[in-house]
Structure formats: structure tokens, C-alpha cells
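# Model the structure of this input:
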Amino acid sequence: MDKVSVTLTVNGQSYSREVEPRTLLVHLIREGLGLTGTHVGCDTSSCGSCTVIVDGLAVKSCTLLAVQADGSEITTVEGLASNGELHPIQEGFWEMHGLQCGFCTPGFLMASLQLLERNPDPSEEEIRHELEGNYCRCTGYHNIVRAIRYAADKLSAAEAVAGD
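Numbers count the residues shown, from 1 in each chain. From the prediction side, this is the model:
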């Protein structure tokens, strides 16, 4: 099968790869770029473990062909921490025990990132609604919601300090 050239910016770094036209973005990220934080959970777009940010939108990367993302800017879970410091969303999951086995966590982190960018002060109901496309088989979601509230509060406090 003929290969197609794809160029992406992932976590601020530019990559060019030759891929088969049928290659899913999740497989390019994991196997082509070696960024294995993005997980393949179901291959049916049900679980959300493969969620990444593509051009500012949370996307299940098992539903997008790599060629469709050509020229896009992508953020994966590896791109959240900065200068050795956890992103407030990561810190929230740590502090509020928002994970158990951790398999679904990268997808929840990325979906939460977009949620908080769109709505910096979501209610519990809004958080639960926004995360309906992500499944966790371990936690029961209560601590995930608490983790996102923690991150929202921390981001809001940081913004208030920056505004002073």
C-alpha cells in the first residue's frame, strides 16, 4: 500500500512521518511517535482512553485517521506537565485520588483540559455531563469530579494572582 506523508505538531514539536492512509491517529501517536500515554481501550470510540486535543478540540484519536490530522497541532497527555511541574489537572487527579488503575486517566485528563478551557468554573453536573464520553471501570467517578474541581479552583486562583 502506498504511504502518505503526514506532518503534525505534537506537544510543540514538529513531526513528519510516512503512514498508510488507513493509519489511525492513535497508532501514529503511540507507535510512530513513541508517545504511549495515549491509550487504546476499545477501538470503538466508546471509552475515551485515546482522547487528545487536536487544534483545540478534544478528539478520540481512534476515530481520526492520521492523514486527517495532517497539519494539525496536537496535545497529548505527555504535553500537560511543564518544566517538571504537573499541570493542575494532573495534580488534581493525584491529590483527589481520581485514578485507580490509571488506564483511562490520560483520556480523562485531556477531556478535562478542554472542559476547563471552555468552562473554568463548572458545576458537578456540568463536569459529569462533559465527561460522559469517557469511561472508568474502577473509580465510580466521584473522585474524578473532585479532581476536576480541584484543578478548576487552582487554575482560577493562579489566574487571579496573575491578574493582580
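
# Now residue 146: closest residue in space, sequence neighbours ignored.
Setting aside the residues directly before and after it, residue 146 is nearest to residue 96 in space (C-beta to C-beta, 6 or more residues apart in numbering), at 4.2 Å. (Each C-beta comes from the backbone N, C-alpha and C, glycine too.)

# now do residue 154
residue 88 (4.2 Å).

# What residues of stretch 56-67 count as buried?
Under the neighbour-count criterion of 16 or more other C-beta atoms under 10 Å, stretch 56-67 has 58-62, 64-67 buried.

# now for stretch 126-146, what's the gap between its first and last residues?
One end of stretch 126-146 sits 13 Å from the other (C-alpha to C-alpha, to the nearest Å).

# how about the strands in this protein?
4-10, 13-19, 51-54, 57-60, 73-75 (DSSP state E).

# Give me the most central residue, the chain.
Central residue of the chain (C-alpha atoms, centre = their mean): residue 110, 2.2 Å from the mean position.

# quick one: contacts for that residue?
51-53, 58, 75-77 (C-beta atoms under 8 Å, 6 or more residues apart in numbering).

# Domain parsing of this protein, as residue ranges.
4-79, 88-163 (automatic domain parsing).

# among the strands of the chain, which is the most enclosed?
Counting by mean count of other C-beta atoms under 10 Å, strand 51-54 has the highest mean neighbour count of these, with a mean of 25.
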